[in-house]
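> From the sequence below, what's the structure:
(chains A and B)
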Number of protein chains: 2
Amino acid sequence: MAKVNDNYLKLPGSYLFSTIGKKVNAYAAEHPDKKIIRLGIGDVTQPIAPTIIAALHSAVDEMAAAETFKGYAPDLGYAFLRETISEHDYKARGCDIAADEIFVSDGAKCDCSNIQEIFSTDNKIAVCDPVYPVYVDSNVMAGRTGSYDPATETWSDVIYMPCTAENGFAPSLPKQVPDLIYLCFPNNPTGATISKARLQEWVDYANKNGCVILYDAAYEAYISEEDVPHSIYECDGARSCAIEFHSFSKNAGFTGLRLGYTVVPKELKVEGVNLHPLWSRRHGTKYNGAPYIIQKAGEAVYSEAGRKELNAQVAYYMKNARYILEGLKGAGYTVSGGVNAPYIWLKAPDGMKSWEFFDYLLTKANVVGTPGSGFGPSGETYFRLTAFGTYENTVEAIDRIKAL
Amino acid sequence: MAKVNDNYLKLPGSYLFSTIGKKVNAYAAEHPDKKIIRLGIGDVTQPIAPTIIAALHSAVDEMAAAETFKGYAPDLGYAFLRETISEHDYKARGCDIAADEIFVSDGAKCDCSNIQEIFSTDNKIAVCDPVYPVYVDSNVMAGRTGSYDPATETWSDVIYMPCTAENGFAPSLPKQVPDLIYLCFPNNPTGATISKARLQEWVDYANKNGCVILYDAAYEAYISEEDVPHSIYECDGARSCAIEFHSFSKNAGFTGLRLGYTVVPKELKVEGVNLHPLWSRRHGTKYNGAPYIIQKAGEAVYSEAGRKELNAQVAYYMKNARYILEGLKGAGYTVSGGVNAPYIWLKAPDGMKSWEFFDYLLTKANVVGTPGSGFGPSGETYFRLTAFGTYENTVEAIDRIKAL
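Next comes the predicted model:
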């Protein structure tokens, strides 16, 4: 008789964004006259840039003729894209990452959640608190997290690394040594970053203790300050302890096109076993390559024209971020993030908890954000706003909040 | 200290298609004057049909304008596509499958390999022998298959169901009751099918014994005979025991576009637990939806113009299949498949083993096929040819074989 993976049954029932969706829909149904502005989910609003659109059309035309039609893509990605990534995202920054260490996929979310499969289920994971829920949930499903305590909203076998105002929302090295360490900088949800020197401490710690760092660099394009690393491979020794995830969603608006990549350096070993062929085997067995036309669109991201257009797109969102940051500061809020990241992390005022503040903003200003507690217990009195709205909506939302 | 998933280390090192690739490349390098014809891998060669190309261009244009731009797709697929699939692939055939029981994905290979994640690791799987390697390998990675015996090329904890000339390449009900049963009809690699009455026996067996059937219908579009079921849901009771996988790769040439779907009926329960929300949770956590433009292309597959073009495409490949089948029969080979499937399964002549015949065909006729042993021990003296080449190449390849 078939049996289910009962780890799935341990997952708490309500999903953050579906709870938000239900609350917003209920309010909208009751108040059809109100214009609700959504600065909650991290989805982009600007259309795909012209150079990328042209690349998509051109690739579609290739699929229409027998001479240029492309069937199965190479499991690990087309060489033209892997080489372009290696050149622009790594070699140009002095990072030694070769094309064949880059695994193209349909997005960083899939890779972030699938990567744990190549590790033993008895590895212990460490995550920031607050954290992008996918890191934890994918490990819950694999049976790596122990039991869930609804009172504290934590798992017994997960090492939580609090990111609070006291530590500038950058975690301290954990006291108990984990096996796998999830880090995301610039951070979702706090928008915080760490300096290259601080990241080097993590790399040294991982190498010393035999940990693997799973480094999510999805928001790298939003870095504006000098000392913030764009890749963990800027740190010495990262090739022997770190896997890095990249997304095309936020730098190029690919949330609906789906493209990402993961770097697994060839010398990265665990128990003497190279991880590169393991991830390669996973891709070959459980994945079938990203669509050719999307990979051609990815290539166009790195063209001169593409980069120019995308820099303007990032600047557009960061103008939103500045408006949110300065507007809320001016109104007396305690805010952070928004300088090297498209997320603004604010303290709920007047001792409110994050869901209270959610309801308050929804009903008083008709603005939707994300309650910090949805990302972990340390987010309990915090709130996330995203800079991915239109400029007009962002201005209107912040002006409404200021007027409260 | 991090530890690897050592189930990966149990996987035999050489992959069927990479071994084939190496052999073919080595031969080609030594004989640059020879024209090698590849009828090995099941990849299509006809370009994407005009109606689908038009849908792709139109969807790309939508991505270019803020008013029509699409960000994150719904995790489970756009309603327009799920409803279209429900209507055409199910309701039109009298199968009661609702749109919200259809999970859109980037391909049947991913779904076939990921589906085991929602089941306990102590489920025992049953597979046909020969079989599409992905079913077994994904279970090896999850630790469900025991130990590997290189001598027999089998796993200790897998129930193999031989598909031989004696049983018409259709498996008998297993003596030992499995928990999960992988079935694929029309079959890859043998091209065999079973009647609706025979499939009903499997459904009844699964319902009686609490098994779940994982039914791969990737080649359904190639069915030409009356009594062959297009979906397992044509059988009574399948909604309480079966999950079905569909691909757009073979019916519409989407191998390079990547689209598929999986059906999990709402009443399908295991140990009293509904599987629908589990698969939904997996999609929501470990996947991020198929690209909008590809889903629009998928919708166009079902349009009147699209269906007409794709019927012609299937007919093109089946003309190849007939040429292969009749040509080889005429030359005295023992062949099957090729009537309801794009695969032709032939017995290697003169007592040759399948790799011997591979080398023989490569060197004597410069034709590449797939050795049957790559699909399992019962394929040891068999060989697979695909009908997915161009007509001209197919004719030339078969004429060369006939002339040997």
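> Identify the residues contacting the residue nearest to A:Asp216 when sequence neighbours are not counted.
With Cβ to Cβ, 6 or more residues apart in numbering or on different chains as the criterion, A:Asp216 has its nearest non-adjacent residue at 3.8 Å, and that residue is A:Cys184. The way it works is simple: take the backbone N, C-alpha and C, and place the C-beta from them, glycine included. Under the criterion of Cβ atoms under 8 Å, 6 or more residues apart in numbering or on different chains, the neighbours of A:Cys184 are A:128, A:131-132, A:215-219.
> Roughly how far does A:Cys184 sit from A:Glu220?
10 Å (Cβ to Cβ, to the nearest Å).
> how about the helices of the stretch 51-200 of chain A, start to end?
Listed in chain order, the helices of the stretch 51-200 of chain A (DSSP state H, counting those that start in this stretch) span A:79-85, A:108-114, A:133-141, A:196-209.
> Please work out which of these is packed deepest.
Greatest average neighbour count among these goes to helix A:108-114 (a mean of 24), per mean count of other Cβ atoms under 10 Å in any protein chain shown.
> one step back: please name whichever of the helices of the stretch 51-200 of chain A is nearest to A:Gly284.
The closest of the helices of the stretch 51-200 of chain A to A:Gly284 is helix A:108-114. By Cβ to Cβ, the value is 13.0 Å.
> Local confidence estimate at the residue nearest the centre of chain A?
When chain A is reduced to its mean C-alpha position, the closest residue under Cα atoms, centre = their mean turns out to be A:Ala218, at 4.7 Å. In this prediction, A:Ala218 carries a pLDDT score of 97.
> now A:Pro12
For A:Pro12, the model assigns a pLDDT of 86.
> With adjacent residues omitted, what lies nearest to it?
Distances taken as Cβ to Cβ, 6+ apart place A:Tyr148 nearest to A:Pro12, at 6.5 Å, with adjacent residues excluded.
> burial of that neighbour, as a residue count?
Summarising burial for A:Tyr148: neighbours were counted as other Cβ atoms under 10 Å in any protein chain shown, giving 16.
> mind checking pLDDT for the residue nearest to A:Asp216?
So A:Cys184 comes in at 98 (pLDDT).
> Then A:Tyr15?
Note for A:Tyr15: predicted pLDDT of 71.
> wouldn't it be in contact with B:Ser280 here?
No. Under the criterion of Cβ atoms under 8 Å, A:Tyr15 makes no contact with B:Ser280, lying 10.3 Å away.
> picking that back up, so which strand or helix has the residue nearest to the centre of chain A?
Mapping A:Ala218 onto the secondary structure by DSSP states H and E places it in no helix or strand at all.
> Can you report phi and psi for the residue nearest to it when sequence neighbours are not counted?
Spatial nearest neighbour of A:Ala218, chain neighbours left out: A:Ser247 (4.0 Å); criterion: Cβ to Cβ, 6+ apart. Backbone torsions for A:Ser247, taken as degrees, to the nearest 10, come to phi -120, psi 150.
> and A:Ser247, how many neighbours?
Other residues near A:Ser247 number 26, with proximity taken as other Cβ under 10 Å.
> With A:Met1 instead?
Applying the criterion other Cβ under 10 Å, we find 12 residues in the vicinity of A:Met1.
> Distance of the residue nearest to A:Trp155 when sequence neighbours are not counted relative to B:Ala321?
With Cβ to Cβ, 6+ apart as the criterion, A:Trp155 has its nearest non-adjacent residue at 3.9 Å, and that residue is A:Thr145. Distance of A:Thr145 to B:Ala321, computed by Cβ to Cβ: 50 Å.
> Find the pair from the contacts of A:Cys184 with maximum spatial separation.
Taking every pair in the contacts of A:Cys184 and measuring Cβ to Cβ, the maximum separation is 15.4 Å, between A:Val131 and A:Ala217.
> circling back: just grab the bridge partners of the residue nearest to A:Ala218 for me.
A:Gly260 (DSSP bridges).
> Could you pull up the residues touching it?
The contact partners of A:Ser247, by Cβ under 8 Å, 6+ apart, come to A:107-109, A:218, A:254, A:259-260.
> Which other helices and strands does the host helix or strand of A:Gly21 contact?
Following DSSP H and E, the helix or strand that holds A:Gly21 is helix A:16-30. Using 3 or more Cβ pairs under 8 Å, 6 or more residues apart in numbering or on different chains; DSSP states H and E as the contact criterion, the neighbours of helix A:16-30 among helices and strands are helix A:354-364, strand A:370-371.
> Rebuild these as JSON lines, extending it with mean pLDDT and distance to A:Glu267.
As requested, those are arranged in JSON lines below (pLDDT from 0 to 100; distance: least, Cβ to Cβ, whole Å):
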{"stretch": "helix A:354-364", "mean pLDDT": "97", "distance to A:Glu267": "43"}
{"stretch": "strand A:370-371", "mean pLDDT": "96", "distance to A:Glu267": "39"}
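> Name the SS class of A:Asp350, please.
Reduced to three states with DSSP: H, G, I helix; E, B strand; the rest coil, the structure at A:Asp350 is coil.
> For it, grab the count of nearby residues.
Number of residues near A:Asp350 (other Cβ under 10 Å) recorded here: 7.
> Can you give me the buried ones in the helix or strand where A:Ala312 lies?
Here A:Ala312 is covered by helix A:304-330, with elements defined by DSSP H and E. Buried residues in helix A:304-330, defined by neighbour count with 16 or more other Cβ atoms under 10 Å in any protein chain shown: A:306-307, A:309-310, A:313-314, A:317-318, A:320-321, A:323-325, A:327-328.
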